[in-house]
Every structure is written in C-alpha cells, then in structure tokens.
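> What follows is a predicted protein model with its sequence.
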Amino acid sequence: MKQEEINEQGRRDFLKTAAIATLAATACGSLACSCSSKKAATGDKVKLLSPEGEIVEIDSSYLNHQEHMAIVSKLEAREGIAGKKFVMVVDLARCKNARKCISACQKWHYRPEETEWLTVKLLKDSDKAAPYWFPKQCFHCDNPPCVKVCPVDATFKRQDGLVLIDNNRCIGCKFCMAACPYSTRVFNWNEPELSLDIRDLAYNPETGIPAKVGTVEKCDFCPDRAREGLLPPCVEACPNGVFYFGDENEDAVCNGEETVSFTQLIKDKGGYRYMEELGTKPRVYYLPPKDRQFPVERGYEDLDSNLKKRFESVMEPDKQKD
Amino acid sequence: MELNSYQQKAFQHQRPFLEKYGKLNWLLTFFFLIWIAGGAYALYLQIAKGHGVTGMRDNVVWGLFIVNFIFFIGLSYAGAIIAGVLHLLKVPWGKPFIRLAQMMTIISVIVGPIFILLCVGRFDRLHHLFIYPRIQSPMTWDVMAVVTFFAGAVLFLYLALIKDLAVYRDAGLKGPKWRQKLYKFFAIGYRGGASQKRHLIISQNLMAIIMIPLSIIVASILSWIFGMTLRPGWHSTIFGPYFVLGALYSGTGVLIVAMWYYRRSHKLDQYLTDQIFRYMGYAMMVLAAAYGYFTFSEYFTGWFGSEKWDNELIHKLFSPQEYGWWTLFANLAGIVFPILVVAIPATRKTNWITAAALIMVLAMWVKRYLIIVPTLESTLLPMQDTRTEYVKYSATWPEWLLTGAGLASFFLFFLLMSKFVTIVPVSGLEETDHTHKHVKAPELTNATKEDIQPA
C-alpha cells in the first residue's frame, strides 16, 4: 500500500522535499536571506554552516523539517542528550495485548510485521500464579551485557541512559544477541525491504533508518522524537496508557494522558525490575498486575490463529498438541 | 646436512612421496577442490542474499559455523600442546609424529578462523575489528589470541622444519625447480654447523616453552566468549578448563587418525609404530577420563540444582524427543568407548585405537554442537514464536556445504604439505627399541642365563 501511495504521489514531491532539505542543511545563507520566503518568519534563528565554511544564521521557517532526518552529528548521536536520563514504567495491570504499540513501533521505524522490537509475552510465573501480558522493549540497562561484549563499539551506552546501535559500525557478529539475557535484539537476516521515502536517508543511530542487512537492531526509545519533545509511538498508541515514558532527572513520566512523578508511581504501585538479580540494572520498571483493568483472556480470545498459537501453551495448557 | 644411517634410511623411504604426486593424490585434490568450489558458491549466496540462507535466526544466532570454528581451533591448540610437550620431553618415540602434530596445528588455525569469518553478518566490515577494537570484549581478546597463536605456530613449525629443509635442499630431489628454490630459501643456509645447531635448539626450546601456556590461555579465551555471557550451560566457572581439555582430547584423536592414514599410505610402519599408537592410546584414555569427569560435573551439578534456567537446558539435553540421543551418542562414543578400547588389553591394538579415535572425533564434534545450540534454544524469556525456524535450529545446505568445504580444505592442506615435507622428520630421528614385543617367559630348563637370548 505504501508503494502505491508513493508511486501515486510521484517523484516530484520526493525530489522537492529532498532538495529543500539538502539546501537548508548546507545552507546558502545569503541566498536564503535574499530570496523571497514562502512562510512567515518565526523569529527563531538557527545556526548553519554555509558551503564557504561560514557560520550563518537563518530563520527556522526556512528549514523544511522531515521526519527521521536526524539533525545530530555522529558524535552527538553517541554522546546523547545532556541532562536527560530516560526511564520507562510499564503498568502490567493495564495491558490487554491490544498490540497497538507493536504496530505503531513498526510503522514509525518502517519495519515489517514480523520484526518486533517491542514484543508482548504472556508470562505465568508459577503453576498457581495467574498469567499476565508482558510488553517488553529493550531495557536500556545501566550495566548492559550487550555493550560489554561488542568487539567494535557498535553498540554503546549514552549519557541519557539509552543503549543504541550504530549500524554503520556493526559487523553482525551477533555476540550482543547471545549476551542479552532478555533476547531483545533482532537481526537483519535478509536484505530489508525499504520503502522509497526512507531508502536514501542518511543513516543515524538515533533514527535507525534505513535498516541494513547483516546488522543487529533493537528498540531505541526513539531519541529522535525525544529531541522534539515527543513521546515514543508505542507510548502514544497504547489505548490503555500502559507505558509511562519520561526523565528520571525531572522525576516525571508520561503515558500520553497523564504525567506523574516517577518515584511516586514506583513507590505507590510497587514497581520492580524484571530479573533484578541478573545485575544488568534495567531502566524499565514494571508495575505488578494487581487490580487488573481487563481479564487476561481479553487479550487472547480475539487474536488471529497465528498469534493465538504463540500463547496456547500458557492459556490452554491441557490442550492436546500435535 | 649430515644424517646418520638410520635417518638416511628414513629419508630414502619417504623420498618417493616428495618426488611423485601420484594418480590417487590428483584424484583426491580434484575431489577436494570440487567441495571447496561448492563452498565458495555457498559463501557467495550468503553474502549476496544475507544470512537468511543459513538456519540461524534470532534465538539460535550461532550455529554450524561456530561449532566448526571451535572444533578446528581446538585441534590447533591441541597440536601445539602435544608438539610442545613432545619436544621438551625429548623422548625418541615422540620424534616420528611431532611433525604431524605441528602440521595439524598450522592447518587447523587456518581453517578454523575461516569459519568464524563466515559467521559474521557483514563480511565487508571485518576490518572494523582492527580499526575500532574494543578491548573489553571477549571477542577482541579472541582476535588477539588467534593472531598471536598463529604467529607462534608458524614460527614453531618453521623452526622445526629448518633442519629437514636443509636435507631436502641438499638431496637433489626430482621435482619442480621452484620447489628447490623454496627449499633453498627457507633452509636459510643451515649447514649443520655448531653455532647454527645451538641457535636452533635454543629457539625451538623457547618456542615450545611459549606455545604450551599460550595454547592453554588462548583455548580459555575461546571458552570465555561463551563463559562470559549469562546463559545456562555457558555461564559456568568450569568453561576454561573444559574447553582446554576438550581441545586436547579431540586433537589427540585426530592425530591418531592422521598417523594411521599416513602409516598406511606412506608405509611408515617402522616409524609410526604400534608402540606410538599404544602410547597415544593411553593419552587418549586419560584425556577421555578427564573430559568425562568435566562433562559429568557440568551435567550433574545442573541437574541436581533447582534453578529453572539450568533445569530447562538439562531437560532439553537429555529428553529423547529433543537432544537425548545425541547426548547419549556423544558421551558413550566420545568418552566411554575410547576408554574401554584402550583399557582392555585385547582391543589395545592400532586398528582398534584408531577406530575409537575416529568415532571419538565425530562424537566430539557433536558435543560442541550440544554445547552451542541447546543453550541458545533455552532462552530466559519464553520464545512464544510460531516460526519453527526461530524456535529450533536446523542447519541448511549452504552451511553443510561450507562445513564440507572446510573439511576438504583441511585434508587438502595436509596433502599439499606432504608433498613439500616428509611426514616423519628425518633429522633428529632416533632409533627406538620399537620391537617392544612381549618376551615369552623362557621354559624352565637346565639352560643357564647365557643361553637365554631376548626375542
């Protein structure tokens, strides 16, 4: 469907956007000042480097913002956003396996249906315990086993707490995948199908677009959106407000509707980290599935058969398997 | 180069193999090259289409390639230890097969790392390992280890070859002129002079002393690629010694098989004697017992404890529907059978020992598979995936083809090397009392001591 839309729109729009974006980024500053502007000047000045090597200032309205065009340098992408310490809280009492988070993540990152950076598991801790839906992104651990083992520094921990992957550096040895105890990383086993509008984008670890064959990828907490003050798509897409995403330094997390104090939330609802004893120090906290909003069956009944098969052994353990 | 009469005889016996290539060898060469060509095609497919052509997926990220890597590199480390020990012990019965051990060292350290390169997703970015290395990573340690070991192994083999190269250079062998030039170049003017001899002896001793602990260190580093992760069956304190022993054990087996093959094809019964096979059989038996002890410790500890993570792996390894039969084969054929064959005097014979060694080598390959794959299939979080290829690993034909190609290149390297150097080194060869037949007790007669002659 995407292909058709793009084909219909034609190359004209794509070229126009790319041309303006390129021009703005390399900025013929003097040219921008002299030519008539289409949009009203916002008064917000942006510093750019002209081709002659001069720093020039132009009004920010001349920059045509494009999605997924990370405006950070490679060094900034490795260092991270100063002053921030991203953290996520997942309320297991609210999750009903709606899976809107998964599709939103796949849509934002232009990934196919079978690539799940964010996955929902059905966990049952013991025989008598009740099963519960368990959405899992990357935990962005503070003591990440994956970063420890990467031989080429392709995966790295930033000052804002995020663990990202540089897919220009990754050699695809998959040591990080073997080392991650939560099996959160996925690999591009085949040449990824790239739609036209992202194929020629410059790659940046903050966007993770376009995907590259033979490299590892995972949830990145969408730092490109965070720079613009936006929440990750999974947080916004969830109909039940399961995900709270925010900044530990500000002690505030938001689930798209309400913003609450992070420490208070953890304290009130008994937040914990999954498999704390592994010592990886995850940055994702879970609120236990107490006083659930939905019975667990709600997330299972209306699934299509392929998905249902995944959770059959937990939901229907007595069912005869062939 | 001066050779005594015994050494001269050994050289004259092996000379024809250096001078003729032979029809069988041409056939074999052709056969191996076909396999290698097939492997090249499989590699091309893998690079062009991506690793999706293999059976590896997001859970079992390491498969046949890593198993082969561990297997071959283990042989290499074993060869270095065996050759080093034999050299330092200076036992006469060790001299005939020390070269085979050194050849195994060099050839395996070339074939093994090729497999690890195949496993890397971006073949075009391998240089990143050298321009962006991260010292904290066990994989960087392994890169440094293998490179260092390779340099040491080359030096070790080369120093041991110098004396013989001088012999070949001076013998006026029939063959291509460029080979004669190679002999001359690599013999670096060795004429057997006193100071030359001294320098050679010192450097060889030094290399042997270095290679033994180096092998143990690099084998441990290899094990820590797995041992340093948080996975059941891998995150075990025993992993370093486990891998060292496993390497040594399988290396002994391959050496026995190689000796048996060359004994037959080159008619080296006088040099690769039954006594050597018996001694190597003893070594194999002791190593089997040690390896069995380590294996038992691993499984028993995992089974006895209650941790779910370990229990899931043990269950997978021993359940008949999963890996149970393979575990049984690997341990019976790999550990129990060789011990029995060597322990029982009736089967302590060259052919039996070799058969046990061959079966043991296969079983050890299966054992490496059982170390790598079942652990990766036992994830901490439930997989809950309907794609069978993601849940259970099954190798595809490109992987098998590449495995075969690796094996073919292993054999081909041996074949090619045997056309440049003799299998049994001639310089330094010592006559041993290799008759060693059991002397029948003399019948009680009125004969005196002088009348009784040894058999």
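Alright, I've got the coordinates.
> Can you get me the start-to-end distance on stretch A:248-261?
Its start and end residues considered, stretch A:248-261 measures 9 Å (CA to CA, to the nearest Å).
> Next, count neighbours for B:W224.
Neighbour count of B:W224, defined by other CB atoms under 10 Å in any protein chain shown: 18. In this view, the C-beta of every residue, glycine as well, is placed from N, C-alpha and C.
> What separation is there between it and A:L196?
For B:W224, the distance to A:L196 (CB to CB, to the nearest Å) stands at 46 Å.
> likewise A:R158?
31 Å.
> Give me the more crowded residue out of these two.
A:R158 (20 against 14).
> Hmm, A:D166 and that one touching each other?
No. When contacts are counted by CB atoms under 8 Å, A:R158 is not listed as touching A:D166 (11.4 Å).
> Are there residues contacting both of these two? Which ones?
Common neighbours of A:R158 and A:D166 (criterion: CB atoms under 8 Å, 6 or more residues apart in numbering or on different chains): A:R78.
> what's the neighbour count on whichever residue of the stretch 1-150 of chain A sits closest to chain B?
Nearest residue of the stretch 1-150 of chain A to chain B: A:V149, at 5.2 Å (CB to the nearest CB). Each residue near A:V149 was counted by other CB under 10 Å, and the total is 24.
> swap in the one 5 residues further on?
When counting by other CB under 10 Å, one arrives at 26 neighbours for A:A154.
> Show the contacting residues for the residue of the stretch 1-150 of chain A closest to chain B.
Going by CB under 8 Å, 6+ apart, A:V149 touches A:175-176, A:178-179, B:137-139, B:228-229.
> now do 7 Å
When contacts are counted by CB atoms under 7 Å, 6 or more residues apart in numbering or on different chains, A:V149 touches A:175-176, A:179, B:137-139.
> Drop everything from those residues that is not in helices and list the rest.
A:175-176, A:179, B:138-139 (DSSP state H).
> contacting residues around whichever strand or helix holds A:G246?
In this structure, A:G246 sits in strand A:243-247 according to DSSP states H and E. Applying CB under 7 Å, 6+ apart, the external contacts of strand A:243-247 come out as A:84-90, A:101, A:231-232, A:234-235, A:252-255, A:260, A:262, A:265.
> now do stretch B:311-326
With contact meaning CB under 7 Å, 6+ apart, stretch B:311-326 is reached by B:232-233, B:299, B:302-303, B:327, B:366, B:370, B:374-375, B:377-378.
> Now the terminal residues of stretch A:203-222, how far apart.
End-to-end distance of stretch A:203-222 (CA to CA): 14 Å.
> what would the contacts of A:V149 look like in a markdown table with pLDDT and distance to A:Q137?
Output for the contacts of A:V149, formatted as a markdown table (pLDDT from 0 to 100; distance: CB to CB, whole Å):
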| residue | pLDDT | distance to A:Q137 |
| --- | --- | --- |
| A:F175 | 96 | 21 |
| A:C176 | 96 | 16 |
| A:A179 | 96 | 18 |
| B:S137 | 96 | 24 |
| B:P138 | 95 | 26 |
| B:M139 | 95 | 26 |
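> Just the closest of those to A:D291, please.
A:A179 (36.4 Å; CB to CB).
> For that closest one, the count of nearby residues, please.
22.
> No further questions, thank you.
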